[in-house]
Structure formats: structure tokens, C-alpha cells
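**Q** Model the structure of this input:
(chains A and B)
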Amino acid sequence: DAKTTQPNSMESNEEEPVHLPCNHSTISGTDYIHWYRQLPSQGPEYVIHGLTSNVNNRMASLAIAEDRKSSTLILHRATLRDAAVYYCILRDIRDDKIIFGKGTRLHILP
Amino acid sequence: GAGVSQSPRYKVAKRGQDVALRCDPISGHVSLFWYQQALGQGPEFLTYFQNEAQLDKSGLPSDRFFAERPEGSVSTLKIQRTQQEDSAVYLCASSHRGVVPLHFGNGTRLTVT
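**A** Model prediction:
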């Protein structure tokens, strides 16, 4: 499976935007970029996914570099409830399972 | 609506005991996955079912781990002769087929003493 690289942890202030980076230099043409997050004592939760174009949904935006070797998850206005571990995952179109890395632990400061 | 339900929420087992962990997926979801999450780590893939067929069990750590989904709905993960290193949160997820989101339960926390 292709690998992703994320910072171990990040901090952000409440009510400010947060940009979570992910590098995936070995991405293949059949890999989708998925983001999940895991709040304390809960299972992972789907956030967003994309292939080539930027994507927006009610939770977040996903900005994908033109060469697809990196992407950024954008939380437009962080709240304390957004404190979680965020996982950036490459998922091959032919593969139903997802493989998690270590993720980024996001701390939100009040 | 009902999400993925896992039971029990917590399980304490003495070393050497057998345990069975249950997963009720979202109704109509074809795919079902089991993951193991050690403290402070990301979830590790264990096994995957499509309906009742176990298509991938490459992540099962030993032959003490066994999963089944006999009628293509509820699944059970069984761990025989538990050992301390089996202590972890066991997560179940379900989904439709394809590049679609996985829906996770909140897991069963297994502690082996």
C-alpha cells in the first residue's frame, strides 16, 4: 500500500481555520485520498475523500495538489469538538479495505 | 438511524480464556471489516468480509484469531487462549461495496489480565 506522511501533532485556536497537511509522494493513479478522524473513545469517522479535484462537504474541504503528491484537509472554523486524531489514507479503487497510519493529533486551544 | 453496534463495550478476560466479540453492521451493508487498535496507535486491519465470504484475513495476527459472518450480517471475532498482547480496542466497520465511506462502531475494549 502507498504510504502517507503526516505531522504527529498540531495545535490551533478555536474559531480559526486549520490546515492539516499530508504527503503521499508514491500515490498511484488508482488511489483515492481519504480522510478520517477519531474522537476520544470513539471509532473513526469519515470526513472526506477525493481523487484529483478539490472537494467540499459540510465537515471540511480537501485541497489536492496538481501532481497529487500532497493534500491538505481544511477545517474552516475549528471548534473544541474538532479535537481528534486525523488520518490521511490512500485507498486503491480496487481495494475495499483502508489502511491507517499514525495520523495527526489535533489540539484545539480555547 | 442505527449505526454499527458492537458488544460488549468492555471485556476483561484472564489469560488463556476464549472471548467472542460481536458486531452488528448497518442493515444492507455488504462489506464488513475488523480492526485492532492498540493504545496510542492507529487501527490495524485484521479481516474483511463481503456478505458471508471472508475475502481477506491477511491481518489476523495468529491462528488464535478467527472471524465469521455466517449469514452475511452479524459478525463475531473470536480470540482463543487470550494473551496479554491481545489487549486492545477491537473495531468493526461496515459499508456498501466500492470506494465509499466505512462506518465504524465504537469498539470493544479487551483487557487481558
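**Q** Just want the residue of chain A that's nearest chain B.
**A** Minimum separation of chain A from chain B (C-beta to the nearest C-beta) falls at A:G43, amounting to 3.1 Å. Yep, even glycine has a C-beta here, placed from its N, CA and C like the rest.
**Q** Quick check: that residue is in a strand.
**A** No: read with DSSP: H, G, I helix; E, B strand; the rest coil, A:G43 is coil and lies in no strand.
**Q** So for it, what's the nearest residue that isn't a sequence neighbour?
**A** Ranked by C-beta to C-beta, 6 or more residues apart in numbering or on different chains and with sequence neighbours excluded, the top spatial neighbour of A:G43 is B:F104, at 3.1 Å.
**Q** For A:K3, see how far away that neighbour is.
**A** For B:F104, the distance to A:K3 (C-beta to C-beta, to the nearest Å) stands at 22 Å.
**Q** Comparing the two, which residue is more hemmed in?
**A** When B:F104 and A:K3 are compared for neighbours, B:F104 comes out ahead with 24 against 12, by other C-beta atoms under 10 Å in any protein chain shown.
**Q** where's residue 32, which helix or strand?
**A** Because you didn't say which chain, this covers chain A. strand A:31-38 (DSSP states H and E).
**Q** actually it's chain B I care about, not the one you picked
**A** Using DSSP H and E, B:L32 sits in strand B:31-37.
**Q** And the helices in chain B?
**A** With helices called from DSSP state H, chain B shows none.
**Q** Around chain A, which positions in it sit nearby?
**A** Proximity of chain B to chain A (C-beta under 8 Å from any C-beta of the partner chain) is limited to residues B:4, B:31, B:33, B:35, B:41-45, B:48, B:50, B:56, B:91, B:93, B:95, B:97-99, B:101-107.
**Q** got a pLDDT number for whichever residue of chain B sits closest to chain A?
**A** Chain A sits closest to B:F104 of chain B, with a gap of 3.1 Å, by C-beta to the nearest C-beta. B:F104 carries a pLDDT value of 98.
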